[in-house]
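A.B. asks: let's see this in three dimensions:
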Amino acid sequence: MNVKRVIVLMFLLTLLVSTMACGGGGQEAKLTPRLTSTPTPTLTATATPVAAHGEIAFTSDRDGNGEVYVTEADGSHQTNLTNNPAGEVWPSWSADRSKIAFTSDRDGNLEIYVMQADGSHQTNITNNPAGDGGSSWSL
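C.D. replies: As a prediction, this is how the structure comes out:
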């Protein structure tokens, strides 16, 4: 199974789990997948928590592949943090909002990375031959 297909399948599984988990009074997931000719999901605002200073992390394929962006809550100052030819999806803020975890296939298979909230210091934290993804921080 190719990496992009795995990303789509993991996205759909995450969407299903998020929808089921958010159904009873918690934060509602607001994921809007749109599959294009390339099977990379396009998302509007994701179900990641809003950072202390009002930023929202989301994934977009507006540059031709999935990238992690941040934006102000009003949609201004949209910034591509990952800017990599590989696909990156599923951003998740750390509890103190200083870091963002995300999934990428930049090393040839799905791995979990962590970066500073400004996009610097992108580090592969799983680094193994198996596919890893769908990270989430404990609060």
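
A.B. asks: and the nearest residue to residue 99 once chain neighbours are set aside, what pLDDT?
C.D. replies: Distances taken as Cβ to Cβ, 6 or more residues apart in numbering place residue 114 nearest to residue 99, at 5.4 Å, with adjacent residues excluded. Any C-beta I mention is one placed from the backbone N, CA and C, and that applies to glycine too. At residue 114, the predicted lDDT confidence score is 97.

A.B. asks: residue 103 is in contact with residue 114, correct?
C.D. replies: No: the pair residue 114 / residue 103 is not scored as a contact, 11.0 Å apart, by Cβ atoms under 8 Å.

A.B. asks: and those two? which has more neighbours close in?
C.D. replies: Just comparing residue 114 and residue 103: by other Cβ atoms under 10 Å the higher neighbour count belongs to residue 103, 27 against 17.

A.B. asks: tell me how far that one lies from residue 68.
C.D. replies: According to Cβ to Cβ, to the nearest Å, residue 103 stands 9 Å off from residue 68.

A.B. asks: anything in contact with each of those two?
C.D. replies: 88, 89 (Cβ atoms under 8 Å, 6 or more residues apart in numbering).

A.B. asks: number of residues surrounding the closest residue to residue 73 other than its chain neighbours?
C.D. replies: With sequence-adjacent residues excluded and distances taken as Cβ to Cβ, 6+ apart, residue 73 is closest to residue 54, at 4.6 Å. If you count neighbours by other Cβ under 10 Å, residue 54 ends up with 10.

A.B. asks: how much space between residue 54 and residue 119?
C.D. replies: From residue 54 to residue 119 the distance is 17 Å (Cβ to Cβ).
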